[in-house]
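Engineer: give the three-dimensional model of this entry:
(6 chains)
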Amino acid sequence: MVKKTDILLFDEEKGVRHDGRKPEDMRPVRMQVGVLDNAQGSALVEFGKTRILAAVYGPREILPKHMTLPGRAILRIRYHMAPFSTTERKNPAPSRREIELSKVIREALEASVFTRLYPRTTIDVFIEVLQADGGTRTAGITAASLALADAGIPMRDLIAGVAVGKVGGRIVVDVDEVEDSMGEADMPVAMMPGLGKIVLLQLNGSLSREEFKQAINMAIGAINKIYEMQKSVLKEKFTAYSEAGKNKQQQHS
Amino acid sequence: MVKKTDILLFDEEKGVRHDGRKPEDMRPVRMQVGVLDNAQGSALVEFGKTRILAAVYGPREILPKHMTLPGRAILRIRYHMAPFSTTERKNPAPSRREIELSKVIREALEASVFTRLYPRTTIDVFIEVLQADGGTRTAGITAASLALADAGIPMRDLIAGVAVGKVGGRIVVDVDEVEDSMGEADMPVAMMPGLGKIVLLQLNGSLSREEFKQAINMAIGAINKIYEMQKSVLKEKFTAYSEAGKNKQQQHS
Amino acid sequence: MVKKTDILLFDEEKGVRHDGRKPEDMRPVRMQVGVLDNAQGSALVEFGKTRILAAVYGPREILPKHMTLPGRAILRIRYHMAPFSTTERKNPAPSRREIELSKVIREALEASVFTRLYPRTTIDVFIEVLQADGGTRTAGITAASLALADAGIPMRDLIAGVAVGKVGGRIVVDVDEVEDSMGEADMPVAMMPGLGKIVLLQLNGSLSREEFKQAINMAIGAINKIYEMQKSVLKEKFTAYSEAGKNKQQQHS
Amino acid sequence: MSLTPSQIPLVPKVKKDTIISLLEEGKRIDGRKLDEVRPIKIEPGYVEKADGSALVRLGETVVLAGIKIELGTPYPDSPNEGIMMVNAEFVPVASPYFEPGPPDENAFELARVIDRSFRETHAIKLDELVVVPGQKVLVIWDDIYVLNHAGNLIDAGAIATLAALATTRVPSVDKDADPPIIKRFEYEKELPMEKMVITATIAKIGQHLVVDPNDEEESVADSRLSVSFVRDGTIAGLQKMGEGALEPSDVDDMIELGWKTAKKYFDEIEKAVTSYKRMLKNNAT
Amino acid sequence: MSLTPSQIPLVPKVKKDTIISLLEEGKRIDGRKLDEVRPIKIEPGYVEKADGSALVRLGETVVLAGIKIELGTPYPDSPNEGIMMVNAEFVPVASPYFEPGPPDENAFELARVIDRSFRETHAIKLDELVVVPGQKVLVIWDDIYVLNHAGNLIDAGAIATLAALATTRVPSVDKDADPPIIKRFEYEKELPMEKMVITATIAKIGQHLVVDPNDEEESVADSRLSVSFVRDGTIAGLQKMGEGALEPSDVDDMIELGWKTAKKYFDEIEKAVTSYKRMLKNNAT
Amino acid sequence: MSLTPSQIPLVPKVKKDTIISLLEEGKRIDGRKLDEVRPIKIEPGYVEKADGSALVRLGETVVLAGIKIELGTPYPDSPNEGIMMVNAEFVPVASPYFEPGPPDENAFELARVIDRSFRETHAIKLDELVVVPGQKVLVIWDDIYVLNHAGNLIDAGAIATLAALATTRVPSVDKDADPPIIKRFEYEKELPMEKMVITATIAKIGQHLVVDPNDEEESVADSRLSVSFVRDGTIAGLQKMGEGALEPSDVDDMIELGWKTAKKYFDEIEKAVTSYKRMLKNNAT
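Structural biologist: Numbering: from 1, shown residues only, chains lettered A, B, ... in the order given. Prediction:
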C-alpha cells in the first residue's frame, strides 16, 4: 500500500502530476483489434498500465428462450477483473462494484448498438481487466466498442471513454490508480464522439459546478483523441484485410 | 442484550407480566389493509412493537412453466425479516429459520385458499417483518390472510394467529421477545376461526400435557378476538369502497 | 490427527505395512447389491473401513429438456462424502475435490454404459462415502458399476477399481488413509477388467517410470480379484431372484 | 420462499380411496394396526470414524446419524456453553424426488424440529463442553443422512440422533496447543446428557389417526403432527405439517398417540444402546 | 453480468406519445409541473428497534431506511475509522417485477450511489466511531427497504437515508468486556455528522427534463441523471442511468434542476428531523 | 454433480474421419507430426502489478498466469509452511462454450492437476514462506486465466504457471505492524523453488497417440492422459480424461511421449525465463 504522505499529487512548481504528466496529458494509449481467435470480435486497449481485453460473441441464440426479446437482441455485458490485475488479489467472484459497472457499461452500449437488427438473439460482450491502474471502466468500454466494431455489429457510433478527475486541487485527465485513490474526485465519461452524445457519466467525489464544467470539457477533448485512434486502428485492420483479399466476418460465419 | 437476571418475567404478587399485562392480555393489536399501491392486496398488522407487512401478487403466470400445476394454483410464500427489524442486524439472506417458517406458513395458507380456481398460475404472498418483538410468524400469517382477502382471493375462512407460551411458570398469551427468549415455552398457533380448525401449530420449549391444554385454549380465545378485528377491518374497507362506488379488484385487473 | 512420526509405514524387517498387510494384500473387501429400496439399483462396497453406498436412478426424464441429448442418455454422477465420513467433519457442500472426482468417475462410467440405448433421458448415479479410509473413489466406482448392473443398465463390462501407491519406499496395493496421507504416491486405477481397459487413472505423488509399471501391474492384479467378487455377488443376487421367481426390474418398472 | 411442490407424484385417487376404506376397517395398507410402528432396527456405532453414530431402519426408511465433535467459538450470549448443531441431508440416493444440492425446506424443518427438541430441554449438558471459557468450546455436529425415504423421516431421524448421541464419546483436547486441538480417536468420556428426547409423528388421513406413517400414507395425509417428548412424558416440541387442518380435539388425541409411540421408540433405543455398550465393554476386556 | 431486462413491461407506444405531447405543453401525466416533486412525507423513528430509521413516501413510492450499529473490524487501510455500509433490498412486496432473492444490479447501483455520496464527502465523522484503535470500530449499517415502487427509488432512498442518519443515536459499548459488546438500546450520543448529503434525479424524456420521475415516466425516459449534493451546493456524485444518451448541455441543465430539487429535499428532511427531535425531547421531559 | 456435456458441438462424423485417415498417414489436421507441439511463445512479466506472471501462446491457445502473494493463516497440520493455491478461470472471452460464472469441473480439474504436481513434489520451498510461525504465512496464489481456448489448456496452464513462478519475486513484509502487512511492490527475493514441474498431455484418437492436441483433436479424441514430470524425469502426476478407455500399453507409450514433450516445454520455459531475467538485470543496471 502506498502511504498517503509519500506522494505529491500535483507539483505546483513544475505544474506536473506525480508521474510527470501535465493536467491535460493522457497516458500512452495503445489499441489493437482482432487479438483473440475464437471471438467474433476482440480488442486490447491500454491506458498506461491499465490493460483491458474485450471480446464479442453473437448475435447468437440463448437458452432458456424466455430471456430473449421478440423485437431486438438483448445485450449481455460482463465487466470482470482478473484476480492478479489489482494491487491486492481480487476474489474472482463478481463484486458489487463489478455488477454495477457491468450495468452502466451495458446501458452505454445499448445507446450505440442497433439491437433491433437481431431479434430473439443475444450479443455478448465480455470485458476482462488484465491490469488495473485507474480508468478501467472507460478503457473497458473503449475496448468493448472496438470489439463490437471488429465483430461487424452495426452501431450508431463508436464509444470512447476516459476518466477525468480532481487531484491535488487540479482538474486532470486520465487519472491513474494513485490519483483515483488519493485524489478528490474521479469522473468517468464515455461518449459517442461523432454524435457528441454522453452515454456514460459517473462522479465519485466532490466538484464545484465550475470544476465540473472544466472536467467535462477536458474529458470531451481527450475522448475525441481516443476516437481518432479507434478509427485509425479499425481502418488499418480493414485495409489489411481487403489487401489480403479476405474478410474476418466470413472466416467466422 | 438484556441480562437474564434483570427481568422479573412474572410478578406473582401483582399477577402481572414484565410489561404489566395479565396472562390473558394481548398487546395492542392494529390492522390495516390496502396499504401498498402496487400489490393486488396488502395488510399491515401490529402486535405491540411487532410490525408486519404482507402483500399479495396474483394469481399470475410464472416462468419456467414446468413449475406450475395443471389442476390448481401454486402458492409461493416468503416470510422475511428486514435487516433492521431485530435487536442485532439480521443478514438479509434467508436463514434456516426463515425457510422453515415460510414452509409452515405456506402449508397453513394452503388449507384456506381455493387454489383450484386458478390452475397453472401462482399466487404469491410476501411477508416482511419490519419490526420483530415476538410472535412474528403468527402476526405474519394474520397479515397474509388479510392481504389475500384484500386481493379478493376466495378462501374457506380467514386465518388468525397468536403465540402463547409459558413464562415464569405461567401460561400467557401473545408472548413478546423478552418472554420468548427467556421463557420456558413459545407456542405459535394459527386457525381458521370460523371453522374452528388449526392450520399452524408449533411448540418450542417444554409443556406438560395439562399446560398444553391450557395454552391451546388461551390461544383459541385470543384468536377469536383477532378474527373479529380482521373481519371488522375488512368490512370497513369494503364499505368504504362501495360508498365510493369503486372496487379495488377492478382497479388492478 | 496422527503424528507423522508415530507410524512406521513399512516395516522392512517383517516386510509388512503399518496394519500388518503385505504389499500385495488388499484389505477385507465386502460387496452387497440391492441394498436400497427406492433406487433402481444400489450397492454397498467396503474396502476395510472405507464404506461406500451407490444408487442408480434412471433412465428417466429431466427438466429442463434442453439439457438432454437426442442421440443418447446423459449421465449425471455425484461423488459425495457424508459430513461424518472423514476424520475432521466435512462441510456437506461439494468441494473442489468432490467436483473433480465426480467428473473422472463420470468419464470412466461413460466408457462402459450403453448410453445410446436411452436417448433424451438421464441415468443418475449417486455415490455416497459413508466412511472414508483411503481409496474412496475407486471403491466408489466399483460400487457405482455394481449399482448400474443391479439396475439392469446394459454395459460393455463392469468397472472395478483400486488405489495402489508408494509407501515407505514400497509399491503397495489398496492404500488406506494413513498410507495415502503419509506415503509418497497414491494412484487410483479403475478398469473394465474383462476388456482389459483402463477407464480411470490418476496419480498424486511421485513415481519413477519403473515404479509406475510395478504399480500398474499390481493394480491390475487386484482389480481382477475385485472383478471376480463383483461377478459373484451379482450372480448370487440374480440366482436368488430367479429362484424366487421374480425380477427386481419388473418391481421397479 | 416456499413453493407448493410440483414434483411430488400425485397419488391416484383410487389409492387414496383404498387407504381410507381400509382405515375405516381399522386396517392399514401395509397390514399394520393404526397405532403400530414399523419394525425398528438400530445399529449404533455404524460409522467408526464418527464420535457417535447410528443406522436406523424404520420399516424401509433408512437413516444414518453421525456425530462429529469439533472445536468452535461459543455464541456471544452463551460464552460458557458448548454448541449442538443439527443438519439433515436428504441425499439423492434415498428417493427419486431428492435432488443433489443444498438442503431444502423439508430437510431444514426436520433438522430444526430435532434441534429444538434437544436445545429447549437442555438435553445435552453443554456447560461441560467448554475448553477455554468464552473462547473455545466443543461443537456437537449431528448430521442426519437419509438413505432411503419410505416415510416418517422425522421419527427415524430423531431415533438415529438419540441413539447416536447416547453412544457418543467426547475426544480429548490438547489444551496446551495454541490453538487447542482435538486428539482424534482418543476418548475421554461419554457425551454428558441430562435428558433423553424423542419425536413421534402422527398422521391424520381422512378422520383417522395413524402412527409412523409410511410414504404412501404421508402422500395422502391431510396433516401430520410431530410431538417431541422427554422420557418423563413432558412435551418438548410440536410441529404441525401438511396442507390440511386439525381440530383441537385431534391435537389432544395425536399427543396421546404420540406419547404411546414415543415410549416404544425409547424402549427400542435403550435396548440397542445397552447392548452396544455391553459389546464395547466386552471387546475392551 | 448485466442483461437487457426482458421482464419489464413494454409501455404502449400510445402512452409514451401521451406523456411526450403533454410535456410539449409543459404538463406531466400526473398533473405536475416539470420541476415539481411529488408530495413528500417523512416519518423518522418508524422502527423503534433500529438505531435510526425513516419511512419516506415520495408520491406513491414508499421506502424505509433502517440504521443498525454493530461492532466490526476496521479496513486495513483505515484502522482508525468506523465503517458505513449501505445495502438496498428491492423486496417483492414493492412491485410485480421484483423477485425474491439477492439484490440485483439496480439495488446494488442504488446502494452504491448513495454510499459514495456519503463516503466521498466524509459526511459521517467515522473517526469518532473507533472502539479499540486498529481492532474494533462501529459499523453503521444503512438498509434501504423499498416497500412500494412508483418511480425514483434513488431519491426516496437518499431522503430516507439522510433522515434516518440524522436521527440515529449511537449505542454505548461495554469496552471492558472481551470482546467488547454493544449495550443495546442504551444510547450515548447522536451519530456525529459532518455534512448533509442528498441525491436528486432528473429524467430526460424526448427533449424534456423532469424532476422526480414516477414509474411511468421512468419507463419511457431515455436517460436519467442522479446528482448528489452537499448542503452547500457542491456536487457530491453523478450517475447517468438508462439506455439513452445525453448532450453535454443536458447535463448542465440537469445539474441545475437537480440542485433546485435537492434544496426542496433538504428542507423537507430538516423539517421532519427537527419536529421529530422536538417530540423526542418533549417525551423525555 | 458431473453431467454429460450437452453444449459441446458435435464434431461432424466426416471431420472425425478426416482426422483419423490423416493420422493413418502419420499426419495431423493442422500439418503437424504426431509428436510435434504447436509453436510456443512465453512472455514472462506480462502483468507488472502481479508478483509474477506469464502470457503463454501454445498455437492459438492463449493462457495468462498471474501470481499474487498474500498473507494468510497456515493449515493446522502444516503450521510452519506457506501455502500454494491454484485457481483456474475459463473466462468467456476464450470460447463460445465458456459461460460467465464460478469455475466448472474442467476448470477445477485443470487447477487441481497443476496444483498436485507442485504440491506433491514440494516444488516450492514452502518452509521459507513463514512470517510468524503457526500464525501468519505467505500464500502464493496462482490464477490461471484462459484467454483463447484452442485445445490443450492443461499444458498451456502448466507452462504459464511454471514460467510465472520461476519469475516471481516475494514482496517484503512489515512484520512489526500488527497485523503484519505486505509492502506492495518492494521485493525481497525470488520465490524459493526446489523443483521445476511441468505437465504434458497426450491424446488417443482411434489407435493413434498425438501430443499437444488442438481443440478439434480434443473433441474427437477417445481419451487424454496428462502426465506431470519433474525436470529429472520423475513422474509427478497422472490424470486420465475423456470418455474412452486406454490399454495398459497405451499408458506406457503416453508416458514416454509425455516425457519427450515435457522436455521441449522445459526448454522453452528456461529460454524465456533466462532471457526475461537478463532483461530485468540489464534494466536495473
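Engineer: contacts and neighbour counts: CA atoms only from here.
Structural biologist: Noted.
Engineer: just the buried positions in the strand or helix carrying D:I20, please.
Structural biologist: If you go by DSSP states H and E, D:I20 is part of helix D:13-24. Neighbour counts using 16 or more other CA atoms under 10 Å in any protein chain shown place D:16, D:19-20, D:23 of helix D:13-24 among the buried residues.
Engineer: just the closest of these to F:K125, please.
Structural biologist: D:K16 (68.9 Å; CA to CA).
Engineer: residues touching the closest one, list them.
Structural biologist: D:V220 (CA atoms under 8 Å, 6 or more residues apart in numbering or on different chains).
Engineer: quick check: which ranges of chain A have low pLDDT?
Structural biologist: A:1-6, A:243-253 (pLDDT under 70).
Engineer: residues in the stretch 101-250 of chain D within reach of chain C, list them.
Structural biologist: D:101-102, D:143, D:145, D:147-150, D:182-184 (CA under 8 Å from any CA of the partner chain).
Engineer: just the residues you listed: which are in strands?
Structural biologist: Of these, the ones assigned to strands by DSSP state E are D:143, D:145, D:147-148, D:182-184.
Engineer: neighbours of the nearest residue to A:G165 once chain neighbours are set aside, just the number please.
Structural biologist: For A:G165, ignoring the flanking residues on the chain, the nearest one in space by CA to CA, 6 or more residues apart in numbering or on different chains is A:D186 at 4.3 Å. Using other CA atoms under 10 Å in any protein chain shown, A:D186 is surrounded by 31 other residues.
Engineer: can you name the residues bridging to A:D186?
Structural biologist: A:G165, A:N204 (DSSP bridges).
Engineer: please name the residues that touch it.
Structural biologist: A:163-166, A:175, A:180, A:203-205.
Engineer: could you redo the last one with a cut-off of 7 Å?
Structural biologist: A:163-166, A:180, A:203-205 (CA atoms under 7 Å, 6 or more residues apart in numbering or on different chains).
Engineer: what mean pLDDT does whichever helix or strand D:G258 is part of get?
Structural biologist: Element membership for D:G258, per DSSP H and E: helix D:248-284. Averaged across helix D:248-284, the pLDDT comes to 96.
Engineer: before we move on, back to that, any of the residues of the stretch 101-250 of chain D next to chain C buried? List them.
Structural biologist: Of those, these count as buried by 16+ other CA under 10 Å: D:143, D:145, D:147-150, D:182, D:184.
Engineer: and the furthest pair within those?
Structural biologist: Pairwise over these, using CA to CA, the maximum falls at D:A150 and D:I182, 37.5 Å.
Engineer: residue boundaries of the helices in chain D?
Structural biologist: According to DSSP state H, chain D carries its helices in the segments D:13-24, D:105-119, D:153-166, D:215-220, D:248-284.
Engineer: so the residue in the stretch 51-200 of chain A that chain B sits nearest to: helix, strand or coil?
Structural biologist: Minimum separation of the stretch 51-200 of chain A from chain B (CA to the nearest CA) falls at A:H66, amounting to 7.9 Å. Secondary structure for A:H66, judged by DSSP: H, G, I helix; E, B strand; the rest coil, is helix.
Engineer: just give me the neighbour total for it.
Structural biologist: 13.
Engineer: how close does it get to B:F10?
Structural biologist: The spacing between A:H66 and B:F10, counted by CA to CA, to the nearest Å, is 59 Å.
Engineer: returning to that earlier point: ok, the buried ones among the residues of the stretch 101-250 of chain D next to chain C vs chain B, which is closest?
Structural biologist: The nearest one, if we look at these relative to chain B and count by CA to the nearest CA, is D:D143, at 15.3 Å.
Engineer: and the pLDDT for the closest one?
Structural biologist: D:D143 is given a pLDDT of 98.
Engineer: identify the residue spatially nearest to it, adjacent ones excluded.
Structural biologist: Using CA to CA, 6+ apart, the closest residue to D:D143 is D:N87 (4.9 Å).
Engineer: burial measure for the one you found, as a count.
Structural biologist: D:N87: 21 neighbours (other CA under 10 Å).
Engineer: next one: A:L158
Structural biologist: Count around A:L158 with other CA under 10 Å applied: 24.
Engineer: ok, now the one 4 residues further on?
Structural biologist: Here the count is done by other CA under 10 Å, and A:V162 has 31 residues near it.
Engineer: next: D:A262.
Structural biologist: 25.
Engineer: surely A:D133 and A:E177 touch.
Structural biologist: Yes: using CA atoms under 7 Å, A:D133 makes contact with A:E177 at a distance of 4.7 Å.
Engineer: up against chain C, what does chain A have?
Structural biologist: Contact residues (CA under 7 Å from any CA of the partner chain) of chain A with chain C: there are none.
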